[in-house]
Structures are given as C-alpha cells and as structure tokens.
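# Turn this into a model:
(chains A, B and C)
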Amino acid sequence: MTESDDTTEIRTDGGTGIVPPDDETPDWTERKERSRGLSRLTYEYFERSRREDQDLRQESDYVERDVLGFPTWPHETIRNLAITSFFVGIIILVAAALPPEFMDPANPNSTPAIILPDWYLYWSFGLLKLNPINPELAVLGGEKVLSDQFYGVAAHGVIFGILALVPFLNKGSARRPVEQPFWSAVGVAGVVLSFTLAALAIQNFFPFELKLLLTLTFTLPIVAAILTYAVLKTMREGYMYDLNKRYYRLRPPK
Amino acid sequence: MSLEKKDDFDHDAWLKRKDLTPVETAFLTTLIWLDKRLRIVDYLELLETMYYRVNLQMPKSHTEQYDLDNKFWYWYPLYSLGSLSIIAYLVAAVSGALLGFYYSPSTAGAAAAGDPTAAWISVESIMKDVQFGLMLRGVHRWAAQFMVAAVFLHMLRVYFTGAYKEPREVNWVLGIVLIGLTLLFGYTGYLLPWYQLSFWAGQIGVEMALATPLVGEWAAQLVFGGFTLGQATLVRMYILHVFLLPFVVTALIALHVGIVWVQGIAEPH
Amino acid sequence: MADEFMKGFAISMVGALGWFFFAGWYRTPSFEQIQQLTVEPPEPNGIYDAVAIFASDLFFWLMVLGPLTFWVIIPALRELRRSRADASN
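Numbering: from 1, shown residues only, chains lettered A, B, ... in the order given. Prediction:
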C-alpha cells in the first residue's frame, strides 16, 4: 500500500475517470444524528429502542448496507416533481390563455390561399418547394432525373439519413461545443437551415423575390456555420489557455 | 431489594434525566407508548432497509460525483428536455383519451363539398357544448406542441453536447425514429378535425406519396386509403393516431429510456 | 458566464410568454391570417384593455432588452472595467 503511492495508479475502471463516491457521503444515521429538536429526540429514542432489541436480532439475517448513491428522496424526487408540475402548469396556462382555433370544414373544391401544416413541419414543407433547384441534366436533354415532387420527398430521406449518420462520422471524446468547433458549426448550420426552410415554406410572408429567398435559404446556414466556427475556435484558444495555466500551476515544468 | 425492573432501558428514567420541555415530554411519551404497542421502530427499520436497497440502484450522477452542481445547475433545464417531452406526451395521452369519447372519425353528413362533416361537427360540439371541452382540446393541442418543441430541443442538446457518441449511437438512431414518429403523430392529429387545412395537408401527403416511384401508389393506398381523400383516409388517420402510433411510440420511448438507464446519462466532461 | 446566460434567458422566456399572451389577445385578429401577434391593437375599450395592450409592449421589450442587458451590456462593461484596471496597473 505504501510503496504504490508514488507509482502510477492502476486504473481498473477502464480509464473513464469515474470513481465511486467516497465514504464521506453522510448516510441516513449520520444525517439523523446531526438533526435537532423532536426529530433528534425521535432518533435518540429509536437508537435506545434498537439497542434494547439487539440481542434478539443477533441471529437474524439483517444486513447493514452502505449507501452508494445519491438519495432519490428528497433531492431527485422534489426536483422532478417541481419540474413536472411547473411544466404541466405552463401547458394548462397556455391552453387556458390561447384556446385552439376553429376553422371551416374541408372543401375539396376550393383550394385555400395558404396551405400550411403545423409549425413543426414547416421545414418539411420548405423541402417540397425546392423544385426550382432540381438539376436538369444536359445528358438527358434537359430531362430531370427526379420529378419535381419526388425531389422534395427524397430531400427528406437525405436529411434523416445525414442525421442518423452523425454518430458514425463524429467520433472522439469531445463533449462541449468549444471542444468540437467543426461539428458545432455543422449543427448550427442545420438549425439555421431548418429556419430558412421554414421561411421558404411560408414564402408568401416575405416581401422579396423567390430567387433571393432560395439563395438565402442556403447561404445563411453557411454564413452561420462559418461564424460559429470562428467564434468557437477563438473561444477554444482561451479555454485551452486556462486549462494549461491551471495545469502548469499545479505541475510546474522542471 | 425492590421488585421493580432496573435495566439500562428504563425509558422513564431516561426521560427524567433529559430535562425536557413539556412539548418534548408529551411527544416522547406518545412515541414510547405507541412504539411499545406497535413496534414503530421495526417498520422504520424495514423502511430504512428498503431505502438503502432502493438507493443502491441509483448511481451518483456525474454532476453530484464531481460536485459540478454549483456551476452546472443553470444547464439543468436543458438536461430535463427528454423527460419534459415524456411528460407532455402523457398529458396529451390523457387529454386525448378523454377527447376520444366525443370525437367521431366520419366524413358522413356532407351533402355537398364544403358542408360540415360528422368529424367536424363532433369537434365543434367538443369546443362548444361539452363541459370543459374547449379546455380539453386546448390542453391536448398545446401538449402536442410542447412535446414536439421539447423533442426538437432535446435533439439539439444531445447534438451539441456530443451525447450521441461511442456507446450511444443506437439510441441516437432510435431518437431519430422517434422524432419522425412524433411528427407523424402531429400530422395525423392535424388531419382529424377535417378542417380545410387538414384536408389540404392530407392532399399534400397523398401527392408526396404518389410522387415516389415504385412504392408510391402502394404507400398512398396503405396510409391514405386511396388517391383521393375521404372516409377511408380519415379512419386510417384516426387508427394511426389513437391506436397504432401510441403503442409503437410508447414502446420505443420505453426502449429509449431503458437504454439511457443502462448506459447512464452522458453529461459533458 | 453561465450565470449571466441563464439570467438573460429566463428573463427573455418570461417576456416571451407574457408577450405571447397579450399579443395573442389584442394583436391577433385571427389565427388564419398571415400577420399575427404584431397587428396594430384596437382602440382600448376600457382601462383593462389599455393596461393589457401596454403590457404586450412591456413584455415584448422585456423579451428583447433582458437578454441584451445580461448577454451584451453587462459583460461588455465588465470587460471594459477589467481592461481599464489592467491599463492603470
């Protein structure tokens, strides 16, 4: 025990850096001992009462266990209850303040001026309006490989495919946006793209030309990505500087 | 020599020694009286054992382990988005089950195009006649909106904190499937009142299906019950919304959470 | 930094919720039209309407200015003070 103190510690946990909580975590008894007033008295009495029964118990299979965890009660339970009731309360509050709309019944003979899905499908509706950029192949004499409509449908497949591939492309142990500027930039581009696609879906709301809107749909995400990359790279310099400073303060170079 | 029992556990003597206030004396006397008869301490011990056993199952969270709480709790809302979407899902399920008592998935009753159908009339009666019907529909609708929003934000959180990496790829892919199903949930629900916009959203769905080569017509038949929208479409959307999707999505959510349980929560290091 | 972020974010969300309510009541004639939440409010019918319309403006600016204060102005002032302190040293 004493001689291994200086040598490198043997990692038996796979090097994750996760160590079991130490014995200093107060257990139930210790916490009770620190309490005051009536609960303290209750505890003292129960301790006496317990000692009274001790000899009766000596042959029982009662096993004292250590607490190797963070208490579910009250910390986790109260926190979860608070968050849940707050969230449900907000839902009910909003539902009470802004009741759902009620529209005209369906009429197959009259197309409404604006057809829109709920807000969360705007990006998908925007994908359906990409037909102006459906490439016409010169080889096929100006024919399109995909019909305009299927072009939009296929775009959905591409989006979901890219999303599903993310964990297989981005490996490594980086966890924070500062540690992975490139992938964070990709993420920001995706978020901005979903917004610009939504803007494309509700194009009637925007007073400028469709062509300009289409251009913006794809340039804005790229601009946002470049900005994010630049900002995170800069932040990473400072972040690494702080880390290094702390490291060398603890272990000064020889 | 007196016949009185004199052991270490003379509680009355202990009480006298303690020099207590009247409140404390009364409390302890009652407690001792009850404990002599009901052995409260045994039950307390049982509870304590159960408490220890239950707590043994709960690993310390990363935040607790490294005492990150003081600099970490601001971000806690971002880490509760997954459970918030489940809560919104449950609220939507309860209010939706209640709405199901009053809704009828039928296009009957429309003599000419544009007339109110049975589905539309039932939604109207929910909103105007049924006690708290307006509130119920409001809660269902807003819970759905909140769920979709929470699911999107949950995905963003997972993406930006790299929580999808190494052992968790499968759960990320499962999450993508769940997002798709959530959107499908929203879409089928949007069609049910058989509004103008419901109808035309359904029309776009049919056109999307028909534009797909090879499987398009088959998919349109399967999902929309034909190439023109009508009774068959509404019933299929209804069955998807209240029968098929709830089972599938609930099962997948259980799997999703189960995998999180097994793998542990990926908090940034 | 996280502290300031969360303060600004919380204020912004409170402002957004309030703006959403009051603008939904007074600045949205119909949910089926393009312009919502930003239409000119009607002439107030009484003191309550006037207060609510004023509240919609108030919450809107809370939503905008709250995060601006905590994310931009306060950090900038802090940086400024620090650089001034560094310069004087």
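# From here on, just use CA atoms for contacts and neighbour counts.
OK.
# Any idea how far stretch C:9-21 is from the middle of the chain?
Between the centre of stretch C:9-21 and the centre of its chain there are 7 Å (Cα atoms, centre = their mean, to the nearest Å).
# How about the contacts made by residue B:203?
Contact partners of residue B:203, counting by Cα atoms under 8 Å, 6 or more residues apart in numbering or on different chains, are B:228, B:229.
# actually residue A:178, not the one I wrote
By Cα under 8 Å, 6+ apart, the residues touching residue A:178 are A:232, A:233, A:235, A:236, A:239.
# mind putting the residues you listed in a markdown table, distance to chain B, secondary structure and neighbour count included?
Converted to a markdown table, those look like this (distance: Cα to the nearest Cα, whole Å; DSSP: H, G, I helix; E, B strand; the rest coil; neighbours: other Cα atoms under 10 Å in any protein chain shown):
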| residue | distance to chain B | secondary structure | neighbour count |
| --- | --- | --- | --- |
| A:232 | 12 | helix | 21 |
| A:233 | 15 | helix | 18 |
| A:235 | 16 | helix | 16 |
| A:236 | 15 | helix | 17 |
| A:239 | 14 | helix | 15 |
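# And these, which is closest to residue B:131?
Ranked by distance to residue B:131 (Cα to Cα), the contacts of residue A:178 are led by residue A:232 at 54.2 Å.
# So the closest one is in contact with residue A:181, correct?
Yes: between residue A:232 and residue A:181 there is a contact under Cα atoms under 8 Å: 5.4 Å.
# how about the top helix by length along chain B, does it reach chain A?
Secondary structure of chain B per DSSP state H: the longest helix is helix B:133-160. Yes: using Cα under 8 Å from any Cα of the partner chain, we find that helix B:133-160 touches chain A at B:134-135, B:137-139, B:141-143, B:146, B:148-149, B:156, B:159-160.
# Then stretch C:57-68?
No: Stretch C:57-68 lies out of reach of chain A by Cα under 8 Å from any Cα, never closer than 15.6 Å.
# Which parts of chain C are helices?
Under DSSP H, chain C gives helices at C:2-26, C:47-67, C:74-88.
# circling back: which other residues reach the next helix or strand after the longest helix of chain B?
Heading C-terminal from helix B:133-160, the first helix or strand you meet, by DSSP states H and E, is helix B:169-191. Applying Cα under 8 Å, 6+ apart, the set of residues contacting helix B:169-191 from outside is A:117-118, A:120-121, A:160, A:163-164, A:167-168, B:144, B:148, B:151-152, B:155, B:164, B:198-199, B:201-202, B:234, B:237-238, B:240-241, B:245, B:249, B:252-253, B:256, B:259-260.
# Mark which of those are part of helices, please.
Among the contacts of helix B:169-191, DSSP H puts A:160, A:163-164, A:167-168, B:144, B:148, B:151-152, B:155, B:198-199, B:201-202, B:234, B:237-238, B:245, B:249, B:252-253, B:256, B:259-260 in helices.
# average pLDDT across the longest helix of chain B?
For helix B:133-160, mean pLDDT is 95.
# Can you point out the buried residues in that helix?
For helix B:133-160, the neighbour count (16 or more other Cα atoms under 10 Å in any protein chain shown) marks B:133-160 as buried.
# Summarise which helices and strands that helix is packed against.
The contact analysis (3 or more Cα pairs under 8 Å, 6 or more residues apart in numbering or on different chains; DSSP states H and E) places helix B:133-160 against helix A:77-97, helix A:181-201, helix B:76-79, helix B:81-99, helix B:118-128, helix B:169-191.
# Turn these into JSON lines, including distance to residue A:173, mean pLDDT and mean neighbour count.
Formatted as JSON lines, the helices and strands packed on helix B:133-160 follow (distance: least, Cα to Cα, whole Å; pLDDT from 0 to 100; neighbours: other Cα atoms under 10 Å in any protein chain shown):
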{"stretch": "helix A:77-97", "distance to residue A:173": "29", "mean pLDDT": "89", "mean neighbour count": "15"}
{"stretch": "helix A:181-201", "distance to residue A:173": "13", "mean pLDDT": "92", "mean neighbour count": "21"}
{"stretch": "helix B:76-79", "distance to residue A:173": "19", "mean pLDDT": "76", "mean neighbour count": "14"}
{"stretch": "helix B:81-99", "distance to residue A:173": "22", "mean pLDDT": "94", "mean neighbour count": "19"}
{"stretch": "helix B:118-128", "distance to residue A:173": "51", "mean pLDDT": "93", "mean neighbour count": "20"}
{"stretch": "helix B:169-191", "distance to residue A:173": "13", "mean pLDDT": "95", "mean neighbour count": "19"}
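# Output stretch C:8-25 in PDB with nothing but the alpha carbons.
Coordinates of each C-alpha in stretch C:8-25 appear next as PDB, following Å, rounded to 0.1, in the frame of the first residue of the first chain:
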ATOM      1  CA  GLY C   8     -30.900  36.700 -19.600                       C
ATOM      2  CA  PHE C   9     -32.500  33.500 -20.900                       C
ATOM      3  CA  ALA C  10     -35.000  33.300 -18.100                       C
ATOM      4  CA  ILE C  11     -36.000  37.000 -18.400                       C
ATOM      5  CA  SER C  12     -36.400  36.500 -22.200                       C
ATOM      6  CA  MET C  13     -38.600  33.500 -21.700                       C
ATOM      7  CA  VAL C  14     -40.800  35.300 -19.200                       C
ATOM      8  CA  GLY C  15     -41.100  38.200 -21.500                       C
ATOM      9  CA  ALA C  16     -41.900  35.900 -24.500                       C
ATOM     10  CA  LEU C  17     -44.700  34.100 -22.600                       C
ATOM     11  CA  GLY C  18     -46.200  37.400 -21.500                       C
ATOM     12  CA  TRP C  19     -45.900  38.900 -24.900                       C
ATOM     13  CA  PHE C  20     -47.400  35.800 -26.400                       C
ATOM     14  CA  PHE C  21     -50.400  36.000 -24.200                       C
ATOM     15  CA  PHE C  22     -51.200  39.700 -24.500                       C
ATOM     16  CA  ALA C  23     -50.300  39.900 -28.200                       C
ATOM     17  CA  GLY C  24     -52.400  36.800 -28.800                       C
ATOM     18  CA  TRP C  25     -55.400  38.500 -27.200                       C
END
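# tilt between the longest helix of chain B and helix B:81-99?
Angle, helix B:133-160 to helix B:81-99, by axes from the mean of the first three to the mean of the last three Cα atoms, to 10 degrees: 160 degrees.
# the inter-axis angle of helix B:133-160 versus helix B:169-191?
Put simply, helix B:133-160 runs at 150 degrees to helix B:169-191, going by the same axes, to 10 degrees.
# any idea how far whatever residue of the stretch 151-269 of chain B ends up closest to chain A lies from residue B:236?
Nearest residue of the stretch 151-269 of chain B to chain A: residue B:196, at 3.9 Å (Cα to the nearest Cα). Distance, residue B:196 to residue B:236, using Cα to Cα, to the nearest Å: 18 Å.
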